[in-house]
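Asker: based on what follows, work out the 3D shape:
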Amino acid sequence: MKKSLWILSVVLGFANPSGAATVLTTAPFFTGHTTAYCNVVNVSKRPVTVVIEVMNYDGTTVTTTGPVTLDPGHLFEGVGAGSWCRFTVNNGSAKSVRAAGTLADSTLGLATFPAN
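Answerer: Below is the predicted model of the structure:
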């Protein structure tokens, strides 16, 4: 019975955990004239495909970088004048990567925000 339900869910597209995209985001950065450096590193043993978006406070995309396939141990960065970072990981889970956004501001200096 369990096998039949699993096969049915795969056929209907309800169960594909390895192919589902994982989205990680940082907390919002400070307002003002800032540059956001959004970084992600592949900590898994398999390649993952990643898209990095620098976002405005209103949720609009400032810049999109990728998709790019990251080999294990490789780093990827997206840069823009935004308020937070969104990382979309395809063919991997949140455990496959470590991601963070760093704010660079001439007045405030640097601050780093981990992505969850």
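
Asker: report the beta-bridge partners for residue 36.
Answerer: Residue 36 has these beta-bridge partners by DSSP bridges: residue 80, residue 103.

Asker: and the strands in the chain?
Answerer: For the chain, applying DSSP state E gives strands covering 22-25, 35-42, 48-55, 61-70, 75-80, 84-90, 97-105, 109-114.

Asker: neighbouring strands of the shortest one in the sheet, and parallel or not?
Answerer: With DSSP bridges as the criterion, the sheet partners recorded for strand 22-25 are strand 84-90 (antiparallel).

Asker: quick one, the partner strand and strand 109-114 angle?
Answerer: In terms of direction (axes from the mean of the first three to the mean of the last three CA atoms, to 10 degrees), strand 84-90 departs from strand 109-114 by 40 degrees.

Asker: same list (the strands of the chain) but as JSON lines, adding mean neighbour count and mean pLDDT.
Answerer: Every residue, glycine included, has its C-beta placed from N, CA and C. Supplementary listing: these in JSON lines, determined by neighbours: other CB atoms under 10 Å; pLDDT from 0 to 100:
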{"stretch": "strand 22-25", "mean neighbour count": "16", "mean pLDDT": "94"}
{"stretch": "strand 35-42", "mean neighbour count": "22", "mean pLDDT": "93"}
{"stretch": "strand 48-55", "mean neighbour count": "23", "mean pLDDT": "95"}
{"stretch": "strand 61-70", "mean neighbour count": "16", "mean pLDDT": "94"}
{"stretch": "strand 75-80", "mean neighbour count": "18", "mean pLDDT": "93"}
{"stretch": "strand 84-90", "mean neighbour count": "22", "mean pLDDT": "95"}
{"stretch": "strand 97-105", "mean neighbour count": "20", "mean pLDDT": "89"}
{"stretch": "strand 109-114", "mean neighbour count": "12", "mean pLDDT": "82"}
